[in-house]
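Enquirer: here's my sequence, what's the structure:
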Amino acid sequence: MTENNGSLHAIIVMGVSGSGKSSIGEKIAAGLGLPFVEGDALHPASNVEKMSKGIPLTDEDRMPWLDRIGETMKASLAKGEGIIVSCSALKRIYRDRLRAAAGGNLYFVYLEGSKELLTDRMAHRKGHFMPTSLLESQLQTLEVPTGEKGVVTVDIDDTIEDIAAKALKALAALGITG
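Expert: Got it, this is the predicted structure:
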């Protein structure tokens, strides 16, 4: 396990679709002076096609995607660089797979919000392949990471700036600073 030296770590900004993973991840990355990787960009084309058609992904569909995210984090850490990645990380087995890929040097920012707020956000975003109809399947799949080591939970019923500020404060409490 790599020692936390204030900047050498990987952070996954996680939550269901519509929680603000990308927007908040970018703000956290800027606040910590680390690169941000959009996890959705690492999905195989077959996953994007399924989700675009409103078909929920299976565990089998998600594993190659999680492995690509894991490889991206591992490569960054191997170069001595921290990284922020957006990833739904809905199940504990997914988070454990990502932890293993990062050599245990991984933290999660869990973005938590009500179904009503998430639905509203999804309905108003432009140009995303994930239809609002898949929110219910994500909520059913979600295993809330309460009590897991290295996880901070931030409520999303606020502005992007305030959510990111709360996440950065929670990370700082764990010794993660820019």
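Enquirer: next SSE downstream of the lowest-mean-pLDDT helix or strand in the chain?
Expert: Lowest by mean pLDDT, DSSP states H and E among the helices and strands of the chain is helix 115-124, with a mean of 78. Downstream of helix 115-124, the first helix or strand assigned by DSSP states H and E is helix 135-141.
Enquirer: other SSEs contacting the host helix or strand of R95?
Expert: Secondary structure assignment for R95, by DSSP H and E: helix 92-101. Packing partners of helix 92-101 (3 or more CB pairs under 8 Å, 6 or more residues apart in numbering; DSSP states H and E): strand 10-14, helix 59-78, strand 106-112. (Each C-beta comes from the backbone N, C-alpha and C, glycine too.)
Enquirer: among those, which is the most enclosed?
Expert: Burial of these is given as mean neighbour count (mean count of other CB atoms under 10 Å); strand 10-14 ranks first at a mean of 28.
Enquirer: any regions of the protein where pLDDT drops low?
Expert: 1-7, 122, 124-133 (pLDDT under 70).
Enquirer: distance of the closest residue to L118 other than its chain neighbours relative to P44?
Expert: Excluding the flanking residues, the one nearest L118 by CB to CB, 6 or more residues apart in numbering is G18, at 4.1 Å. Going from G18 to P44 by CB to CB, to the nearest Å gives 22 Å.
Enquirer: looking at these two, which is more packed in?
Expert: G18 (25 against 13; other CB atoms under 10 Å).
Enquirer: part of a helix, is the more buried one?
Expert: No: G18: not assigned to a helix; according to DSSP: H, G, I helix; E, B strand; the rest coil it is coil.
Enquirer: next one: it from E116, what distance?
Expert: Taking CB to CB, one finds G18 at 11 Å from E116.
Enquirer: most distant residue from the middle of the protein?
Expert: Taking CA atoms, centre = their mean as the measure, the residue most remote from the mean C-alpha position of the chain is K53, 22.5 Å away.
Enquirer: reformat the helices and strands packed on helix 92-101 as JSON lines; add distance to L142.
Expert: What follows is those, written out as JSON lines (distance: least, CB to CB, whole Å):
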{"stretch": "strand 10-14", "distance to L142": "10"}
{"stretch": "helix 59-78", "distance to L142": "13"}
{"stretch": "strand 106-112", "distance to L142": "10"}
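Enquirer: nearest to S86, of these?
Expert: strand 10-14 (5.0 Å; CB to CB).
Enquirer: mind listing what that closest one pairs with, with the direction of each?
Expert: strand 83-86 (parallel), strand 106-112 (parallel) (DSSP bridges).
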